[in-house]
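S.K.: sharing a model prediction with you, sequence too.
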Amino acid sequence: MSNIDEIKENIDTDYLSEYLGEKFAEELEFTDYNIQILKISMDDLKSEYYDSIEHVEYVENEDWEKLKSLVSEEEVKAIKNDFKEDVENYDVNTNSIYKAILYCNEEYVWSATTYSED
């Protein structure tokens with residue numbers, strides 16, 4: 001088990017989901033992007049201090065090549081699968097899905113997804 005997994009067991013992931021959704025994912029609806037990659041330090045994650053979350057990069061819808069330059073190929077596959085499930089669950093197209101994905105020390109921590117019904 002990684003340090004990130006241990007930390008996730010001890011933090012309020014419901015609050016983290018809400019924070020990422022409201023502060024990052026929802027703002028994507030008003031941009032040309034569907035994914036926002038974010039990072040946080042280990043200390044801030046442990047203490048649940050989310051005001052220090054840093055923006056890394058925006059990614060346009062289905063620009064998997066750009067995403068591969070930011071995260072591992074395994075992560076890209078997981079994100080693609082998430083998008084597919086979100087499209088089915090929310091009954092929208094991929095252009096209407098917005099994700100904020102948080103990493104710590106280049107390891108996935110958590111993500112939040114919003115969508116529009118346009």
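M.R.: Thanks, I have it. Numbering: from 1, shown residues only.
S.K.: for residue 35, give me phi and psi.
M.R.: phi -130, psi 140 (degrees, to the nearest 10).
S.K.: let me know the pLDDT of the residue lying closest to it once chain neighbours are set aside.
M.R.: With sequence-adjacent residues excluded and distances taken as CB to CB, 6 or more residues apart in numbering, residue 35 is closest to residue 59, at 4.0 Å. C-beta coordinates here come from the backbone N, C-alpha and C atoms, glycine included. pLDDT for residue 59: 97.
S.K.: ok, now residue 118?
M.R.: pLDDT, residue 118: 64.
S.K.: next one: residue 41
M.R.: Note on residue 41: pLDDT of 96.
S.K.: which outside residues touch the helix or strand of the chain with the lowest mean pLDDT?
M.R.: Every helix and strand of the chain was ranked by mean pLDDT, DSSP states H and E. The lowest is helix 3-10, at a mean of 90. The contact list for helix 3-10 (CB atoms under 8 Å, 6 or more residues apart in numbering) reads 42, 45, 46, 104, 105, 107, 108, 109, 110.
S.K.: now do the fourth one against residue 33, distance only.
M.R.: If I follow you right, that is residue 104. 22 Å (CB to CB, to the nearest Å).
S.K.: same thing with the first one?
M.R.: Here the distance between residue 42 and residue 33 works out to 27 Å (CB to CB).
S.K.: mind checking which of the two has more residues around it?
M.R.: residue 33 (17 against 14; other CB atoms under 10 Å).
S.K.: point out where the protein drops to low pLDDT.
M.R.: 1, 118 (pLDDT under 70).
S.K.: which residues in it form strands?
M.R.: Using DSSP state E, the strands of the chain run over 35-39, 54-59, 97-104, 107-115.
S.K.: okay, these in CSV with mean neighbour count and distance to residue 23 next?
M.R.: Output for the strands of the chain, formatted as CSV (neighbours: other CB atoms under 10 Å; distance: least, CB to CB, whole Å):
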stretch, mean neighbour count, distance to residue 23
strand 35-39, 23, 9
strand 54-59, 15, 10
strand 97-104, 24, 8
strand 107-115, 20, 9
